[in-house]
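Novice: I'd like to go over a predicted model; first the sequence, then the structure.
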Amino acid sequence: MNIKETITVAILRILQTQTEFTADLFDTFLRTRADSYKKVRRRLLHGERTVEPTADWGDLYLERERFYKTLSKLQHAGLVRKTTQNAGSLWSITKRGSKKVHERYLQQVVVAQTKFPTIVSYDVPESHKKDRAWLRSTLRGFGFTMAQRSVWVARVALPKEFIEELRERKLLKYVHVIEESAHNTLELK
């Protein structure tokens, strides 16, 4: 936390304390005489509060600052975009950001273990270099190991989401999956 944030947090906490005291004072004045006397006495002797704070303003400020710094970093990375409207700003995810979210989801998909190995072979052209890197990374995440440069092997069943992603990226014609079917024969997908 830098000095500016430290000072801002301190000022917000002082303002919050003064606001709570003012609300407590109004609450005391609006009560009957007997109630207000008892309330002031409880406040002075026992430190009781009648108005409970909802949250620490300093912490709320720091949380908001962290949130906007994160949005700024995401915007700089090209994952979200900010559009200004009459009432304020509108943040939306970009195509690149949506793709990144989908990749993270795919990496967290649980794959089922199989008795026999699954073989994935591919020949992705140089023009799809990023897709080829994504394919290698995803296969590694599923537990595949490289048998040869473009041949990967693991004892797992590939999830349907992976095949759908290959279709969306227009990579199906470059990727060949061989796995055993329920009838003890190899099946090319």
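Specialist: Alright, I've got the coordinates. Residues are numbered from 1 along each chain as shown.
Novice: what about the strands in this protein?
Specialist: 80-84, 89-93, 112-122, 145-148, 151-157, 175-180, 186-188 (DSSP state E).
Novice: closest one to Y105 among those?
Specialist: With C-beta to C-beta, the closest approach to Y105 among the strands of the chain belongs to strand 89-93: 13.5 Å. Every C-beta, even on glycine, is put in place using the N, C-alpha and C of the backbone.
Novice: okay, the strands of the chain in CSV with distance to R66 next?
Specialist: Output for the strands of the chain, formatted as CSV (distance: least, C-beta to C-beta, whole Å):
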stretch, distance to R66
strand 80-84, 16
strand 89-93, 15
strand 112-122, 39
strand 145-148, 39
strand 151-157, 38
strand 175-180, 41
strand 186-188, 50
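Novice: who's in contact with K82?
Specialist: When contacts are counted by C-beta atoms under 8 Å, 6 or more residues apart in numbering, K82 is found next to 71, 75, 89-91.
Novice: out of these, which is nearest to L139?
Specialist: Taking C-beta to C-beta as the measure, Q75 is the one of those closest to L139, at 31.2 Å.
Novice: now that closest one: how far from R81?
Specialist: Q75 sits 7 Å away from R81 when distances are taken as C-beta to C-beta, to the nearest Å.
Novice: cool, G88 as well?
Specialist: Taking C-beta to C-beta as the criterion, G88 is separated from R81 by 15 Å.
Novice: more crowded one of those two?
Specialist: R81 (14 against 6; other C-beta atoms under 10 Å).
Novice: count of neighbours near T138?
Specialist: Tallying neighbours of T138 according to other C-beta under 10 Å, which is how burial is gauged here, yields 19.
Novice: return the residues in contact with the residue nearest to it when sequence neighbours are not counted.
Specialist: Nearest in space to T138, with sequence neighbours left out and distances taken as C-beta to C-beta, 6 or more residues apart in numbering, is L106 at 6.1 Å. L106 makes contacts with 138, 141, 161-162, 165, as judged by C-beta under 8 Å, 6+ apart.
Novice: what's the answer for Y122, then?
Specialist: Contacts here follow C-beta under 8 Å, 6+ apart; on that basis Y122 touches 132, 135, 150, 171, 174-176.
Novice: scan the chain for its longest helix.
Specialist: Once the chain is assigned using DSSP state H, the helix that runs over the most residues is helix 3-29.
Novice: so which elements touch that one?
Specialist: Using 3 or more C-beta pairs under 8 Å, 6 or more residues apart in numbering; DSSP states H and E as the contact criterion, the secondary-structure elements in contact with helix 3-29 are helix 33-46, helix 57-76.
Novice: just want the angle from that helix to helix 57-76.
Specialist: Angle between the axes of helix 3-29 and helix 57-76 is 140 degrees (criterion: axes from the mean of the first three to the mean of the last three C-alpha atoms, to 10 degrees).
Novice: appreciated, that's everything.
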